[in-house]
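Visitor: coordinates for the following, if possible.
(3 chains)
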Amino acid sequence: MSVLLEVKDLTAGYGGPAVIEGISFDVFTNEIAVILGPNGAGKSTVIKTIFSLTNVLGGSVQLDGKTITDQKTSKLVTMGVSAVPQSHNVFPNLTVDENLDIGTYAAPPVDKMATREIILGLFPDLRDKLKQPSGELSGGQRQMVAIGRALMCEPTLLLLDEPTAGLSPAYLERIFDLLLDVRKTGVTILMVEQNARQALQIADHGHVFVNGKNFISGTGQELLADENVRNSFLGGAAS
Amino acid sequence: MELTGLFFYLVSILIAGGIYSLLCLGLNIQWGMGGVFNAGIAGFFATGAYASAILTTSTSAKHIGGFDLPVLAGLLGAGIISGCVGWAVAKICIRLKSDYLAMASIGIAEILRLVIVNESWLTNGSLGLSGVPRPFAGLASGRTADIVFLVFIWVIVIAVFFFSQRLYDSPWGRSLRAIRDNEQSASAAGKDVEKFRIQTFAIGCAIMGIAGGLSAHYFRFLSPSATDPLLVTFLVWVMLIAGGSGNNRGAIVGALSIWFLWSVTEIFTNRLPPEWITRSSFVRMLLVGLLLQYVLQRFRAGIIPEKAPKLRYSEEE
Amino acid sequence: MIEFINFYLVPGFAIGSVYALGAVGISMIFGILRFAHFAHGDLMTVGVYGVFAATVVFPVNPFLLVPVGMALAIFAALFVDKVFYQPLRKLPTIYTVISSFGVALIFRSLIQIIGGSENRVFGSGIRPPLILFDTFRLSSLHVQAVTTTAVIAVVLHIFLSKSMTGRSMRAVADDPELAQISGLDTEKVVRWTWIIGAALAAIAGVFAGLDTSAHPNLGWNLLLPMFAAAILGGIGKPMGAMAGGFIIGLAEELSSYHWIGESALISPSYKTAVAFVIMIALLIFKPQGLFKGRLL
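Guide: Model (predicted):
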């Protein structure tokens, strides 16, 4: 297994004090990696920092051996990194089709129509909503549009910030199943999750952060079995 | 220019500078302390000017009144009427965000202007009001009367300045600034944000009204063209930002220095070749426009920036 | 009835098309750059004077020279954005609003310095009205204004819904942060916003200037009705702004028709106040406009 993304001693914040300090972890090619931790642990900040949306104060991020710490967000998209924020992740006044189309502008795929077909194959619910403004869709469908948009540029690395936030348990399972399908198309996924138990069940690796620092890392099974993690993070997780 | 001429030129600059200082202090209460945008300064200025003029002129068949009241009563009336108009406007518009409030306040200023131009039973329309009295007219005559007026106007400016200082440091002013800086946490702390903003708008408008009244008494004549809506509003904004928004001293220093610049450039532009003289005021306008851009980009805090007041420990300890 | 159509309805549509073209720019700038552009009216005037200057050099039909005015307005808009607005973009938008006040003054004083402050009449003389069925007397200019605006509306609609740039513009108006995350070229979107806004402002200005006369306050006097139209249509909704422009234009003209009795419903001298009152009422009761625009 080769390392796709290498995060080393990363320290970053939003202009004020550092929110994450000295974070290090690796993401392997074509795996699903999940970032866990209590509220305020800086999980989202890790994702945002990788995507150049924060102020980096120290450390580095490497994609495929190239340092990307100082790259602009728009450049990262052309390098094959795509991201879905937690909320406000669709353009509400644009139709579903237009939302997907927007995903191709920064880094056009080789065959736009073919990519669109693959994505509609992954998210069949969207097929008969293509002409609808995406603001009118349900939360779960919006999440599909958002992930679909991010996949339209055929990324190698997909960053997801709490893709199941606010979704019903039924939809949560569907989204996780979909992510497994997305991985089969060759995409590497790094996501932040609150629903730790379910996330670890589909994840290859998990990284737990507390107070902006590394706490523990391991495979999904290791973390599920770990006494410490179970008591601190999995006990309250609804199944 | 002979020396006395120069002296009286200076007097006229300081009188107009005093009027602008008042406008600036009024805007400072609204924008500097309260963060409430007002782009309709000229409207409240004109309201005050007409209010005071109608209250103090002698009875006329051409328009309502006049009521022949003393000048001080006229100015008081100008403040009250402008303040009430401001209060009514604020009552309607205060919830709007800054950009929208800017549009609404210009719209209201324009409506006030249309009323002044069209309702001749009230304002004698475009013919204007003449015979507006000067205060203490018996004390001096001719040009010396201007000196009396200068003293009169600056007594008022200083009084308003001390009033604004008290306001700034009062619990009311502190709450107001808390709202300006962080509306959400202030409202979470139980402050009635809307009430504070309506009050700040009305007080600022009252002061602008007094400034308008003073200008009517200074020129002794009032016509709708006397209040070029854009120029007055715009100059006052440049003055406040250049002087230091949030600081009363800054408001006065800004008003005086920008007005001085404006007036001095007139001396220079008057020496331009004759075919350019008619356009000289446009050159000055251009320069003020550019000055504003410079101030906004490089000099936002102003000549005398606002300082957070020193923490005062209770003296009983 | 004929009087109503000839003197109220048609002029309402004509001034409405001026408002519509101006309001599109205001609405797009507000939606994409997030500030109320108070120099938009004066940008119109810049366009008008560009056409006017060109007619002095090339004495042909002013309509052929409209592209000169559009080019001048586009240049002016891109220049002030680069020099005056862009440095303030990270600050609260109110600073850009104040700056745009200053730009309005800069535009106007430049026009007055170069072009003088007197009224200018485009030298095409008296145009005979079009007479249809012996009863409808239409000014050919009014017909041209309305048809041009209709054509522009169709083209703009296609551009915004089909082209990459148009869709990107709508995306940025919808959610600028997500647009950045999606890797869209926001600077290009900003550029196109100014180009379209300024070009349409110049066209609108020429129609307004031909209808009466060109003077330095031409655009400023149209600014508030255009804001009213943009808000009516919903901020960030160019097609809504178009509709809003026509509604405001009609409301202004029809308000002075003698609906009840013999005299005008609202004195024609208060005609312009109608737009302001509509604007203020909208701001208070329905700030998202008739077509569900953004609430900034």
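
Visitor: for the stretch 51-200 of chain C, give the residue positioned nearest to chain A.
Guide: Here the stretch 51-200 of chain C gets closest to chain A at one residue, residue C:183, 2.9 Å apart by CB to the nearest CB. The C-beta positions use only the backbone N, C-alpha and C, and glycine is treated the same way.

Visitor: in three-state terms, label that residue for me.
Guide: Applying DSSP: H, G, I helix; E, B strand; the rest coil to residue C:183 yields a three-state assignment of coil.

Visitor: need the contact list for it.
Guide: Residues near residue C:183 by CB atoms under 8 Å, 6 or more residues apart in numbering or on different chains: A:73-74, A:76-78, A:105-107, A:153.

Visitor: phi, psi of residue 61?
Guide: Using chain A here. Phi and psi for residue A:61, reported as degrees, to the nearest 10, are phi -120, psi 130.

Visitor: contacts only, for it.
Guide: Taking CB under 8 Å, 6+ apart as the criterion, residue A:61 is in contact with A:5-8, A:10, A:49-50, A:67-69.

Visitor: swap in residue B:293?
Guide: Contacts for residue B:293 were tallied using CB under 8 Å, 6+ apart; they are C:83-84, C:99, C:102-103, C:106.

Visitor: how about residue A:88?
Guide: Contacts of residue A:88 by CB under 8 Å, 6+ apart are C:175, C:177-178.

Visitor: tell me the gap between stretch B:286-296 and the middle of its chain.
Guide: In terms of CA atoms, centre = their mean, to the nearest Å, the centre of stretch B:286-296 is found 20 Å from the chain centre.

Visitor: what about it, average pLDDT?
Guide: The average pLDDT for stretch B:286-296 rounds to 88.

Visitor: tell me which residues form a beta bridge with the residue nearest in space to the middle of chain A?
Guide: With distances taken as CA atoms, centre = their mean, chain A has residue A:160 as the residue nearest its mean C-alpha position (1.8 Å). Counting by DSSP bridges, residue A:160 forms beta bridges with residue A:84, residue A:191.

Visitor: what separates it from residue B:149, distance-wise?
Guide: Per CB to CB, to the nearest Å, residue A:160 is found 72 Å from residue B:149.

Visitor: what does residue B:20 give?
Guide: 15 Å.

Visitor: surely residue A:181 meets residue A:124?
Guide: No. Taking contacts as CB atoms under 8 Å, residue A:181 lies outside contact range of residue A:124: 11.3 Å.

Visitor: neighbour count: those two, which is higher?
Guide: residue A:181 (12 against 9; other CB atoms under 10 Å in any protein chain shown).

Visitor: so who does that one touch?
Guide: Neighbour list for residue A:181: residue A:122 [criterion: CB under 8 Å, 6+ apart].

Visitor: so which bits of chain B are right by chain C?
Guide: Chain B has residues B:37, B:39, B:92-93, B:95-100, B:102-104, B:106-108, B:110-111, B:114, B:117-118, B:230, B:234, B:237-238, B:241, B:279, B:282-283, B:285-286, B:288-290, B:292-293, B:296-297, B:300 near chain C, with proximity defined as CB under 8 Å from any CB of the partner chain.

Visitor: what is the end-to-end distance of stretch B:238-252?
Guide: Stretch B:238-252 has an end-to-end distance of 12 Å (criterion: CA to CA, to the nearest Å).

Visitor: do the same with stretch C:1-16
Guide: End-to-end distance for stretch C:1-16: 20 Å, by CA to CA.

Visitor: so what pLDDT did the residue of the stretch 51-200 of chain B found nearest chain A get?
Guide: Nearest residue of the stretch 51-200 of chain B to chain A: residue B:182, at 15.5 Å (CB to the nearest CB). Predicted confidence (pLDDT) for residue B:182: 78.

Visitor: residue A:51 too?
Guide: pLDDT at residue A:51 comes out at 91.

Visitor: ditto for the one 10 residues further on
Guide: The per-residue pLDDT reported for residue A:61 equals 91.

Visitor: could you pull out the helices for chain B?
Guide: Applying DSSP state H to chain B gives helices spanning B:3-27, B:41-56, B:71-93, B:98-118, B:120-123, B:144-169, B:171-181, B:183-188, B:193-219, B:229-243, B:248-269, B:274-277, B:280-298.

Visitor: now do chain A
Guide: So, for chain A - with DSSP H - the helices run A:43-50, A:73-78, A:96-102, A:112-122, A:139-151, A:169-184, A:196-202, A:220-225, A:227-229.

Visitor: worst mean pLDDT among those helices?
Guide: Among the helices of chain A, helix A:227-229 has the lowest mean pLDDT, at a mean of 78.

Visitor: got the contact list for that helix?
Guide: A:36, A:208, A:216, A:223.

Visitor: in it, what counts as buried?
Guide: Neighbour counts using 16 or more other CB atoms under 10 Å in any protein chain shown place residue A:229 of helix A:227-229 among the buried residues.

Visitor: strands of the stretch 51-200 of chain C, residue ranges please.
Guide: Along the stretch 51-200 of chain C, the stretches classed as strands by DSSP state E, counting those that start in this stretch are C:130-132, C:136-138.

Visitor: quick one: residue B:92 from residue B:108, how far?
Guide: According to CB to CB, residue B:92 stands 9 Å off from residue B:108.

Visitor: scratch that, residue C:52 is what I was asking about
Guide: Counting by CB to CB - residue C:52 and residue B:108 are separated by 33 Å.

Visitor: swap in residue C:67?
Guide: Per CB to CB, residue C:67 is found 38 Å from residue B:108.

Visitor: run through who's touching the helix or strand bottoming out on mean pLDDT in chain B.
Guide: When the helices and strands of chain B are scored by mean pLDDT, DSSP states H and E, helix B:274-277 comes last with a mean of 71. Residues from elsewhere that reach helix B:274-277, judged by CB under 8 Å, 6+ apart: B:269-270, B:283.
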